[in-house]
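Asks: just the structure for this:
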Amino acid sequence: MSVPSPIRAEVDLAAIAHNVRALRGRTAPGTAFMAVVKADAYGHGAEAVARVALDHGASWLGVARLQEALALRRAGIEAPILVFGATAAEEAEVLAAREIRQAVGTLEAARALAAAASARGVRVRVHVKIDTGMGRLGFVPEALSRPEDSPASEDRLCARLEEILRLPGLEIEGVFTHFASADAADLSSAERQLALFLELLAALRARGIEFSLRHAANSAGLLRLPAAHLDLVRAGIALYGIAPAPEVAPPVRLVPAMTLRAAVVQVKEVPAGFAVSYGSTWRAPAPTRIATIAAGYADGYPRLLSSRGRMLYRGASLPVVGRVCMDLTMLDAGSAPGIRPGDEVVVFGRDGTLSLPVEEVASAAGTIPYEILCGVSARVPRVYLPA
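Replies: Sure thing, here's the model as predicted:
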């Protein structure tokens, strides 16, 4: 039996479709488009987002872990999928059987995956990760690891990549890197990363090594570095209607896709001095009305927004008062005389013609929109508005 939830995340699939088309329109002709749907599509629902993205211009999907790719395959999605993160070599047969591409960023990982694939008589399609400055995963070019005054040489890295190309059991399909700061006002760091990546590709080409797919551009790179489009772009946060960074206005209109709505559970009139929530950290400065909302940190509403956040109610902005609890948050609803139990507030997103941007919520909590969106917990139902 289905029981109604007092909180829900509305996902506007028409917004996703619009964003894909807008981003696709900024992509260089002939460049393929990947929709990054890792972390359950940044909290929006991977299966639903993937289908809409593929219908409106994407031809690839990107995930962080093999489990995410397998969930998409079980849902009947057949588009190419790249796993960015590490996958155990023992999963070689699964990767091959489900036609899932795997990133490799070390010679040891490539050797192990190749050995496992060969032992099972299969071939795994691989994308080689180059770390040009992100500092997470991937092969590091000599230009980053040598002393400043030593001559540039990619001989050692080229030799390692040549070895990967010769490994049985692997089909080397692509090579890629990831920008650390393509969303910064100053693009010089991202441009340096791109230059390093292209220099390495040129050195490999001189040895007769080329790749079917070269990719570097994330959302910020797609929007701000046309030279980074290469053979494939990877759209992540922009797909969901959020600019990669608040300092940089995107050159296209992006429509936020998620609105988080929660029910009013109780409303009470309180006198001046009335204490609210754990620790009694907030007391009413004057007689007012307290509305208790069915949204707490277990739903993904950060505790850091205690007495700092706000929510929307029929055009009114109601401040959060007292500490955010696991399941409930209190609002000072003195400016909303008509508020009643069973009404809804907007935790973030659209409220008619008004909006409370997730960027504002994130800023008040001292974090980024990515974390707020991904943090909307699994107990919050996703309700899809059609594309």
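Asks: and V124, what are its bridge partners?
Replies: Assessed by DSSP bridges, V124 has beta-bridge partners L170.
Asks: just checking, it touches I172?
Replies: No. Contact criterion C-beta atoms under 8 Å: V124 and I172 do not qualify, at 10.0 Å. Any C-beta I mention is one placed from the backbone N, CA and C, and that applies to glycine too.
Asks: out of those two, which sits in the busier spot?
Replies: Higher neighbour count among V124 and I172: V124, with 29 against 19, using other C-beta atoms under 10 Å.
Asks: show me how the record splits this structure into domains.
Replies: 13-239, 258-385 (automatic domain parsing).
Asks: and of the ones you listed, who's closest to P251?
Replies: With C-beta to C-beta as the criterion, P251 lies closest to domain 13-239 of the domains of the chain, at 6.0 Å.
Asks: span of that closest one from start to end?
Replies: Domain 13-239 has an end-to-end distance of 11 Å (C-alpha to C-alpha, to the nearest Å).
Asks: same check on stretch 202-222?
Replies: OK, stretch 202-222 end separation, C-alpha to C-alpha: 22 Å.
Asks: starting at the chain centroid, how far to that stretch?
Replies: 23 Å (C-alpha atoms, centre = their mean, to the nearest Å).
Asks: flag every buried residue along that stretch.
Replies: For stretch 202-222, the neighbour count (16 or more other C-beta atoms under 10 Å) marks 203-204, 209, 211, 213-222 as buried.
Asks: what is the nearest of these to F274?
Replies: So of the buried residues of stretch 202-222, ranked by how close each gets to F274 (C-beta to C-beta), first place is S219, at 45.5 Å.
Asks: return the distance of that closest one relative to I242.
Replies: Distance, S219 to I242, using C-beta to C-beta, to the nearest Å: 9 Å.
Asks: cool, R207 as well?
Replies: R207 is 41 Å from I242, by C-beta to C-beta.
Asks: who's in contact with stretch 88-104?
Replies: Residues outside stretch 88-104 that contact it (C-beta atoms under 8 Å, 6 or more residues apart in numbering) are 66, 69-70, 73, 78, 80-85, 87, 109-110, 112-113, 115-117, 120, 122-129, 137, 164, 169, 173-174, 176.
Asks: buried subset of the residues you listed, written for ChimeraX?
Replies: In ChimeraX syntax, the buried subset of the contacts of stretch 88-104 is picked out as below (16+ other C-beta under 10 Å):
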select :66,69,70,73,80,81,82,83,84,87,109,110,112,113,116,117,120,123,124,125,126,127,128,129,137,164,169,173,174,176
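Asks: which ones among the contacts of stretch 88-104 are found in strands?
Replies: Members of those lying in strands (criterion: DSSP state E): 81-83, 124-129, 173-174, 176.
Asks: need those in TSV with distance to V11 and pLDDT, can you?
Replies: Formatted as TSV, those follow (distance: C-beta to C-beta, whole Å; pLDDT from 0 to 100):
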residue	distance to V11	pLDDT
I81	21	98
L82	23	98
V83	24	98
V124	33	98
R125	31	97
V126	33	98
H127	29	98
V128	34	97
K129	30	97
E173	32	96
G174	30	97
F176	28	98
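Asks: just these now: which is nearest R308?
Replies: Nearest to R308 among the ones in strands among the contacts of stretch 88-104, with distances taken as C-beta to C-beta, is V83, at 37.7 Å.
Asks: that closest one against L70, yeah?
Replies: No. Applying C-beta under 8 Å as the test, V83 and L70 come out as separate, 9.8 Å apart.
Asks: give me the buried positions along the longest helix seen in the chain.
Replies: Criterion DSSP state H: the longest helix present in the chain is helix 188-206. Buried positions in helix 188-206, judged by neighbour count with 16+ other C-beta under 10 Å: 190, 193-194, 196-201, 203-204.
Asks: which secondary structure elements does the next helix or strand after it contact?
Replies: Going down the chain from helix 188-206, the next helix or strand is strand 213-215, by DSSP states H and E. When contacts are defined as 3 or more C-beta pairs under 8 Å, 6 or more residues apart in numbering; DSSP states H and E, strand 213-215 sits against strand 170-176, strand 232-235.
Asks: repeat that with 10 Å
Replies: In terms of contacts (3 or more C-beta pairs under 10 Å, 6 or more residues apart in numbering; DSSP states H and E), strand 213-215 is packed against strand 32-36, strand 60-63, strand 124-129, strand 170-176, helix 188-206, strand 232-235.
Asks: any low-confidence regions in the chain?
Replies: Scanning the chain for pLDDT under 70 picks out 1, 142-154.
Asks: one more pass at 80, please.
Replies: Low-confidence segments of the chain (pLDDT under 80): 1-3, 142-155, 247-248.
Asks: and the longest strand for it?
Replies: strand 258-270.
Asks: which neighbours do S219 and I242 have in common?
Replies: 19, 236, 250, 254 (C-beta atoms under 10 Å, 6 or more residues apart in numbering).
Asks: among those, who's most crowded?
Replies: Busiest of the shared contacts of S219 and I242 [other C-beta under 10 Å] is N19, holding 28 neighbours.
Asks: show me which residues of stretch 347-363 are buried.
Replies: Buried residues in stretch 347-363 (16+ other C-beta under 10 Å): 347-351, 356-359, 361-362.
Asks: just stretch 332-352 next, same as before
Replies: Those would be 332-334, 336, 339, 343-351, for stretch 332-352 by 16+ other C-beta under 10 Å.
Asks: so who does D40 touch?
Replies: D40 neighbours (C-beta under 10 Å, 6+ apart): 46-49, 63, 68, 71, 373-374, 376, 378, 382.
Asks: for those residues, which one is nearest V321?
Replies: V376 (22.4 Å).
Asks: what sits against that closest one?
Replies: Contact partners of V376, counting by C-beta under 10 Å, 6+ apart, are 7-9, 40, 42-44, 258, 260, 295, 299-301, 347-348, 358, 382.
Asks: kindly recompute the last result at 8 Å.
Replies: 9, 43, 258, 260, 299-300.
Asks: of those residues, which pair is most distant in space?
Replies: Among the contacts of V376, M258 and D299 lie farthest apart (C-beta to C-beta), at 13.1 Å.
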